[in-house]
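A.B. asks: build the 3D model from these lines:
(one chain, ligands or ions: 2)
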Amino acid sequence: MKNYFSTHDIQNIQELINQALELKKSNTSLELGKGKTLGLLFFNPSLRTRLSTEKAGKLLGMDVMTMNAGKDGWALEFEDGAIMNSDKAEHIKEAAGVLSQYCDIIGVRAFPELIDRDKDEEEQVLKSFQKYASVPVINLESATGHPLQALTDAITITELKDKPKPKVVLTWAPHTKALPQSVPNSFAEIMQKIDVDFVITNPKGYDLNPKVTGDVKVIHDQEEALKDADFVYVKNWSSYENYGKVLSTEKDWTFNQQKLKHTNNAKVMHCLPVRRNVVIADDVLDSPNAVVLQQAGNRTFAAQAVMKRILENLD
Ligand SMILES: NCCC[C@H](NC(=O)CCC(=O)O)C(=O)O
Ligand SMILES: NC(=O)OP(=O)(O)O
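C.D. replies: Ligands and ions are numbered 1, 2, ... in the order given. Here you go, the predicted structure:
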């Protein structure tokens, strides 16, 4: 693996999941990353991604440097040929080039602005880092995807499933803020790569990018979709059609015990952070059905498996 930009960079998903589960079991610190440096750049807040990726780097023997680039770094210019006489102090060409002097792998988090769909879909920040860095770049959640989260989710479903082909439902839930489609996009992508019966449910107006969902069944009746689900992945996202808009905050889509009754005693997942009693009710999050902590725990092994692949490719 050269870069990890999206789940499409995974060549053999089953192999990568198995690798992550082996790393989880043996918990050995490998020598592979010795003398190598991982640099993590955050243009947005993070708890899990930052700490699990740092931990994964350390478990691989790497040195790790993290920077809140959005807050502490120079404002970056991304336009080629820009006359930089305004608020941007540093061009991505130098920033990515300099980072490549210090780091062997670079991770970048850059959320969408959720204003201009075409602009967000260009993935200017991640793509520019890839273009101007001379070392591999990992996506730590970008405008349209969160592939380390998706790999974690596939690992968690694999280790918890009790039948060969479980039913997995991705359900929209309300939120007051406009959130990216990154998490549901990558989750939908990866669910199409593993052996599950996958269904998406959301209110009308919240259908995800059809290029991402492909042939996946989208049901607008949540109760119908939840029937017999073995796993329910709860997540809010803003509208794709009416780009970046919060069309409704329909409380009756909040995932609670009453919803859980329609399922096959499903395991309930969320990428976190989760707004309690808005997205998922306490009666579910505090129940044994919630597997969100185990899911977050697996972030370390997903990052470790991905960076192991990249390190093996470096020499
Ligand atoms: N990295 C995991 C989720 C990040 C982001 N959530 C958020 O911004 C939640 C913020 C809030 O609840 O105020 C998202 O949905 O993509
Ligand atoms: N799930 C996730 O990516 O969490 P953070 O935003 O805290 O990194």
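A.B. asks: does ligand 2 sit close to stretch 102-117?
C.D. replies: No - for stretch 102-117, no contact with ligand 2 is found by CB under 6 Å from any ligand atom; the gap never falls below 7.6 Å. Bear in mind the C-beta positions are built from the backbone N, C-alpha and C, glycine included.
A.B. asks: hmm, that stretch touching ligand 1?
C.D. replies: No - against ligand 1, stretch 102-117 shows no contacts by CB under 6 Å from any ligand atom, the least distance being 6.7 Å.
A.B. asks: what residues of the strand or helix carrying residue 284 count as buried?
C.D. replies: Using DSSP states H and E, residue 284 sits in helix 282-285. Neighbour-count burial for helix 282-285 flags 284-285 (criterion: 16 or more other CB atoms under 10 Å).
A.B. asks: need the contact partners of that helix.
C.D. replies: 255-257, 259-260, 268, 274, 276, 290, 292 (CB atoms under 8 Å, 6 or more residues apart in numbering).
A.B. asks: strands of this protein, start to end?
C.D. replies: For the chain, the strands defined by DSSP state E cover 37-42, 63-67, 76-77, 90-91, 105-109, 137-139, 167-172, 197-201, 217-219, 231-235, 267-269.
A.B. asks: now the fifth one: how far from the chain's centre is it?
C.D. replies: Shown here is strand 105-109, whose average C-alpha point lies 13 Å from the average C-alpha point of the whole chain (CA atoms, centre = their mean, to the nearest Å).
A.B. asks: which strands or helices does that strand pack on?
C.D. replies: Helices and strands touching strand 105-109, by 3 or more CB pairs under 8 Å, 6 or more residues apart in numbering; DSSP states H and E, are strand 37-42, helix 48-59, helix 92-102, helix 124-132, strand 137-139, helix 299-314.
A.B. asks: winner for burial among those?
C.D. replies: strand 137-139 (a mean of 27; mean count of other CB atoms under 10 Å).
A.B. asks: and the helices and strands packed on strand 105-109: which comes nearest residue 10?
C.D. replies: helix 299-314 (8.4 Å; CB to CB).
A.B. asks: for the closest one, packing partners?
C.D. replies: By 3+ CB pairs under 8 Å, 6+ apart, helix 299-314 packs against helix 13-26, helix 48-59, strand 105-109, strand 137-139, helix 147-160.
A.B. asks: okay, the ones you listed in JSON lines with distance to residue 221 next?
C.D. replies: Shown next, in JSON lines, are the helices and strands packed on helix 299-314 (distance: least, CB to CB, whole Å):
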{"stretch": "helix 13-26", "distance to residue 221": "30"}
{"stretch": "helix 48-59", "distance to residue 221": "32"}
{"stretch": "strand 105-109", "distance to residue 221": "35"}
{"stretch": "strand 137-139", "distance to residue 221": "33"}
{"stretch": "helix 147-160", "distance to residue 221": "24"}
